[in-house]
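S.K.: Provide a 3D model corresponding to the input given below.
(chains A and B)
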Number of protein chains: 2
Amino acid sequence: MSNKVKLVEVGPRDGLQNEKSLVDTKVKFEFIKLLHEAGLDCIEVTSFVRPDKIPQMQDSADLYKMVADKLDLQKLRTPCLVPNLKGLEKAKGLGVKEIALFTATSNTFNLKNINASVDESFIRLEAVAKEALENDISIRGYLSTVFGCPYEGKIQTEQVLRTLEKLMKLGVYEVSLGDTIGVANPHQVVAIISEIKKNFDLSKMAMHFHDTEGMALANIYTSYEEGIRVFDSSAAGLGGCPYAKGATGNVATDDVVNLFEKLNVETGVDMSKLHEASRFILEHLKKDSVSKFYNAYRGRHSKA
Amino acid sequence: MSNKVKLVEVGPRDGLQNEKSLVDTKVKFEFIKLLHEAGLDCIEVTSFVRPDKIPQMQDSADLYKMVADKLDLQKLRTPCLVPNLKGLEKAKGLGVKEIALFTATSNTFNLKNINASVDESFIRLEAVAKEALENDISIRGYLSTVFGCPYEGKIQTEQVLRTLEKLMKLGVYEVSLGDTIGVANPHQVVAIISEIKKNFDLSKMAMHFHDTEGMALANIYTSYEEGIRVFDSSAAGLGGCPYAKGATGNVATDDVVNLFEKLNVETGVDMSKLHEASRFILEHLKKDSVSKFYNAYRGRHSKA
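M.R.: Here you go, the predicted structure:
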C-alpha cells in the first residue's frame, strides 16, 4: 500500500463557516492561494448556500470567480459544498468542476440540520447528483455523525454502512466519513474501518476528524494504519464546535502534516509555507491557533 | 494482559514547577487533596531541590508535612523528586516513603541540566539510591530525552537501552520513559517499546509524554497497544515547555482519562472530580487549560 496521503483542505469553507468573524473575499482568496502554494492541491473553497442562513459564505460566487480566474485549476481541485439543486445551479453557472454533497447517519441530526430525515435527504441528493454528473461535475460525498451524534449518541454500524452505500450509489468518487462532534476513539476507528473494508473499496474513503477532545491525531494515525489514505483538515484548526462551547472543531492541517512528516509519509505539503498560510488567516481573524504544533513551531521559529 | 492502567499524577511537581506563578502551599495541598479524591493514588507531590534554583518548590518541606499529616498515605503514594544526597536527607527527615531519581539519555542535556555527563550522573544516583534503599525508601526512576533531545536531536536506541539498564540496576521499581520535548511519534514508540520488551520487564516501564506537538494521545494509545500500563500526566496539562516558547508540556490527565474511558480501560479516576481539581488549580493560576478535552467538557457542562 502507498505511503503517501492526500489532504483535503477544508479551512476556507468548513473552517471559516464556523468562525464568528466575516472574512473579506480578497483575504479568503489570498488564504487559498497561500494554501495552494504550500502544496495543498484539493481545497474546499466555498459553499453555495442561502446567504441569509450562512452569511460567512455570502461571497461564494465572487470568491469562486477570483479563484478560477487567478489560480490554475488544472493543478488545484476546488470542491464547493452544494446543499440542493439551487446551489448546483449557481455552481454550474460559475463552471464549478467539483461539488461536495452531504448527509448524516442520524435522522435527528439531519432533521435539525437540513430539515429532512436521512431517507428524505437522499431524495434531494439523487436529483442533485444526477444533474451534476450529466454536466460532468464530479462529486465528493460527506457522511456526518459516523462516530456519534450530538442528539442520538452512539450510531449503529449498520446505519453507517447503509447510508454509506446510498451515498456511494449516487456516483460520488469519494466519501468523507465525519466525526462531526469529535468523539471517536481509536478502537472505534478500527471497528468501523474493518466493517467498511468488507463492503467497500477503502481507497474511496476519506476521514474527517474533529479535534474536539484532542484525539484527532490518534484517530488519524489509527486510520492510516488501517489503510485510509485521504484526510480532511483545516489550516490552523479553523472552525469551532457548535455542540460544545469553547471547544475546537476540525483537526489542524498543521498537526496532520507534522504527524505524517514524523511517520515518513508523504503529504506534498511544505511545512514552512503552510505555517505562513495559517499565520496569515489567524492574523486576519485576530485569534490564536488551537493547533499545538502550530504554536510549538511558531515558538521555535520566531525571534524571541 | 490487564486492561487497567495506573496514572501517575505529576501536576503538583512537574506541572507547577514549570508554571511562572508561585502557588501558595495551602493551594497546592488543596489541589493534591482534590486529585486524590478524584481517584489518583500516586501523586508526585514536590521535589527537594535548591530553593534558589527552583523557587516554585521552596515550600517542599511544609507541603510534604501537610500532606503526610492530613491525607492517608496508606492509600496515596507520594513520590518526591530528589536530585542528590542533600535532597535525600531532607526527604528522610520528613519520613518520605518514596523518591524519584532522574537522569537523561543525552550527555548534552545532562550537562546543561545537572552539570554532569550521563555516566557522572550515575555516580551520584548510585549513592542516593543505596542510601534510600537502606532506609526502606522506594525509588521511581525518570529517564529523560528518550525520544529526542533538544540539543542532540535523535537519540540512538542503544543509548536508551544502556541508560535504562543502569537505572534499573539502581533498584528502582519502575522507570518513567520521558519524551521531554514532545517530539515522539507512534512509529518511534512501537520501535522503542519492541526493543525494551526484549531486554526488560515491560510492567516496570511507564511512559511520560509531553503534548508539545499535540501527539501525546496518539503516543499513549500506541504505548497501551504495545503493552504499557503506567502513564504520567498532569491535571489540566499544567506546565509548559522550556524548549519552545508558548508550547505546552505534560499531557493533561483530563485528556488521558478521557482516552482510556473511551477505550473502556479502567483508570480509577472520576472524571467530574478530576475536572474540579483541574478547574481549582487553573483558577488559582488565572489561566486557561491547554487540554482540549477539559475545554470541551467544561463547555458541555457549564450553564451557558
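
S.K.: List of residues touching stretch A:45-53?
M.R.: A:12-13, A:17, A:28, A:32, A:54, A:57-61, A:63-64, A:67, A:78-83, A:86-88, A:90-91 (CB atoms under 8 Å, 6 or more residues apart in numbering or on different chains). (Glycine included, C-beta is placed from N, CA and C.)

S.K.: In chain A, what residue spans correspond to strands?
M.R.: A:6-9, A:80-81, A:98-104, A:138-144, A:174-179, A:205-209, A:230-233 (DSSP state E).

S.K.: will you turn those into JSON lines that also has distance to chain B?
M.R.: Below are the strands of chain A laid out as JSON lines (distance: least, CB to the nearest CB, whole Å):
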{"stretch": "strand A:6-9", "distance to chain B": "16"}
{"stretch": "strand A:80-81", "distance to chain B": "25"}
{"stretch": "strand A:98-104", "distance to chain B": "20"}
{"stretch": "strand A:138-144", "distance to chain B": "18"}
{"stretch": "strand A:174-179", "distance to chain B": "12"}
{"stretch": "strand A:205-209", "distance to chain B": "12"}
{"stretch": "strand A:230-233", "distance to chain B": "12"}
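
S.K.: Format those strands as JSON lines; extra columns: mean pLDDT and mean neighbour count.
M.R.: Below are these laid out as JSON lines (pLDDT from 0 to 100; neighbours: other CB atoms under 10 Å in any protein chain shown):
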{"stretch": "strand A:6-9", "mean pLDDT": "98", "mean neighbour count": "23"}
{"stretch": "strand A:80-81", "mean pLDDT": "98", "mean neighbour count": "26"}
{"stretch": "strand A:98-104", "mean pLDDT": "98", "mean neighbour count": "24"}
{"stretch": "strand A:138-144", "mean pLDDT": "97", "mean neighbour count": "23"}
{"stretch": "strand A:174-179", "mean pLDDT": "98", "mean neighbour count": "25"}
{"stretch": "strand A:205-209", "mean pLDDT": "98", "mean neighbour count": "25"}
{"stretch": "strand A:230-233", "mean pLDDT": "98", "mean neighbour count": "26"}
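
S.K.: pLDDT of stretch A:23-34, averaged?
M.R.: Per-residue pLDDT values over stretch A:23-34 give a mean of 98.

S.K.: What residues of it count as buried?
M.R.: For stretch A:23-34, the neighbour count (16 or more other CB atoms under 10 Å in any protein chain shown) marks A:23, A:25, A:28, A:29, A:30, A:31, A:32, A:33, A:34 as buried.

S.K.: Next: stretch A:86-98.
M.R.: A:87, A:88, A:90, A:91, A:92, A:94, A:96, A:97, A:98.

S.K.: Quick check: the gap between the third one and residue A:140.
M.R.: This points to residue A:90. Using CB to CB, to the nearest Å, residue A:90 is found at 17 Å from residue A:140.

S.K.: repeat for the fifth one
M.R.: With distances defined as CB to CB, the gap from residue A:92 to residue A:140 amounts to 16 Å.

S.K.: now swap in residue A:107 and tell me
M.R.: Taken as CB to CB, the span from residue A:107 to residue A:140 is 23 Å.

S.K.: Any residues of the stretch 201-304 of chain A in contact with chain B? List them.
M.R.: A:211-215, A:217-218, A:220-222, A:241, A:243-248, A:252, A:255, A:258-259, A:262-264, A:290-293, A:295-300, A:302, A:304 (CB under 8 Å from any CB of the partner chain).

S.K.: which of the residues you listed are buried?
M.R.: A:211-215, A:217-218, A:220-222, A:241, A:243-244, A:247-248, A:252, A:255, A:258-259, A:262-263, A:290-293, A:295-299.

S.K.: Can you report how many residues lie near the closest residue to residue A:211 other than its chain neighbours?
M.R.: Excluding the flanking residues, the one nearest residue A:211 by CB to CB, 6 or more residues apart in numbering or on different chains is residue A:251, at 4.5 Å. Here the count is done by other CB atoms under 10 Å in any protein chain shown, and residue A:251 has 33 residues near it.

S.K.: got the phi/psi numbers for residue A:105?
M.R.: With angles defined as degrees, to the nearest 10, residue A:105 sits at phi -80, psi -20.

S.K.: And for residue A:185?
M.R.: phi -130, psi 160.

S.K.: Identify each buried residue in the longest helix belonging to chain A, please.
M.R.: Selection of the longest helix in chain A by residue count, based on DSSP state H, yields helix A:118-134. Neighbour counts using 16+ other CB under 10 Å place A:118, A:121, A:122, A:124, A:125, A:128, A:129, A:132 of helix A:118-134 among the buried residues.

S.K.: Quick one: mean pLDDT for it?
M.R.: Mean predicted lDDT for helix A:118-134 stands at 97.

S.K.: Stretch A:38-49 too?
M.R.: Rounded mean pLDDT across stretch A:38-49 is 97.

S.K.: In CSV, could you pull the C-alpha coordinates for that stretch?
M.R.: Backbone C-alpha positions of stretch A:38-49 (Å, rounded to 0.1, in the frame of the first residue of the first chain) are rendered in CSV as follows:
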residue,chain,number,x,y,z
ALA,A,38,2.1,25.3,0.3
GLY,A,39,1.3,22.2,-1.7
LEU,A,40,-2.3,21.6,-0.9
ASP,A,41,-4.0,20.6,-4.2
CYS,A,42,-7.5,19.9,-3.1
ILE,A,43,-9.1,22.9,-1.3
GLU,A,44,-12.8,23.2,-0.4
VAL,A,45,-13.3,26.7,-1.5
THR,A,46,-16.8,27.7,-0.5
SER,A,47,-20.4,26.6,-0.4
PHE,A,48,-23.4,27.7,-2.4
VAL,A,49,-25.9,28.1,0.4
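
S.K.: list the buried ones in that stretch?
M.R.: A:38, A:40, A:41, A:42, A:43, A:44, A:45, A:46, A:47, A:48, A:49.

S.K.: Identify the residues contacting the first one.
M.R.: If I follow you right, that is residue A:38. A:269, A:270, A:273, A:274, A:276, A:277.
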